[in-house]
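[1] sequence below, structure please.
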Amino acid sequence: QVQLLESGGGSVQPGGSLRLSCEPSEGTFSTSAMGWFRQAPGKEREIVAAITWSGDEYFYAAFVKGRFTISRDNGKNMLNLQMNSLKPEDTAVYYCAARQSHQEIEVRTWAYDVWGQGTQVTVSS
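    Model prediction:
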């Protein structure tokens, strides 16, 4: 079964930056809309950002606008999330997800059918 593999998580001080990456274990997701979600302890999983298959349309949650940037390189089969000006409240496990055979952005978790294992992001002084 195809999986998504995230990398780039870690610990950083407030105001710092991290870059998350995601790629499939096999095959390609170049025709799929994709997204980044996060889940903090005791909270629901929530959308962070999403991008269409072509990379020309984006969605950002209000709490990350101006700080995070989602991008994809279909030639390299890679999805990225550049996170700047990180805050302690950004601490969570971050997941990438794909909507197989769907090209449009979707913000609801149930619309994504392939998920990664998650990567921990901790923002603390």
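[2] and residue 7, how far from residue 123?
    18 Å (C-beta to C-beta, to the nearest Å). Yep, even glycine has a C-beta here, placed from its N, CA and C like the rest.
[3] of the two, who's got more company?
    A side-by-side neighbour count of residue 7 and residue 123, using other C-beta atoms under 10 Å, places residue 123 first with 19 against 13.
[4] partners of the most centrally placed residue in the chain in the sheet?
    Nearest to the geometric centre of the chain sits residue 36, at 2.2 Å (C-alpha atoms, centre = their mean). Per DSSP bridges, the residues bridged to residue 36 are residue 49, residue 96.
[5] that one touches residue 93, doesn't it?
    No: counting by C-beta atoms under 8 Å, residue 93 is not a contact partner of residue 36; they are 11.3 Å apart.
[6] now the strands for this protein?
    All strands of the chain, identified by DSSP state E, fall at 4-7, 10-12, 18-24, 33-39, 46-51, 58-60, 68-73, 78-83, 92-99, 114-115, 119-123.
[7] kindly reformat the ones you listed as a markdown table containing distance to residue 105 and mean pLDDT.
    Shown next, in a markdown table, are those (distance: least, C-beta to C-beta, whole Å; pLDDT from 0 to 100):
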| stretch | distance to residue 105 | mean pLDDT |
| --- | --- | --- |
| strand 4-7 | 17 | 95 |
| strand 10-12 | 28 | 98 |
| strand 18-24 | 16 | 96 |
| strand 33-39 | 6 | 97 |
| strand 46-51 | 5 | 97 |
| strand 58-60 | 5 | 96 |
| strand 68-73 | 10 | 96 |
| strand 78-83 | 13 | 97 |
| strand 92-99 | 9 | 97 |
| strand 114-115 | 16 | 94 |
| strand 119-123 | 22 | 98 |
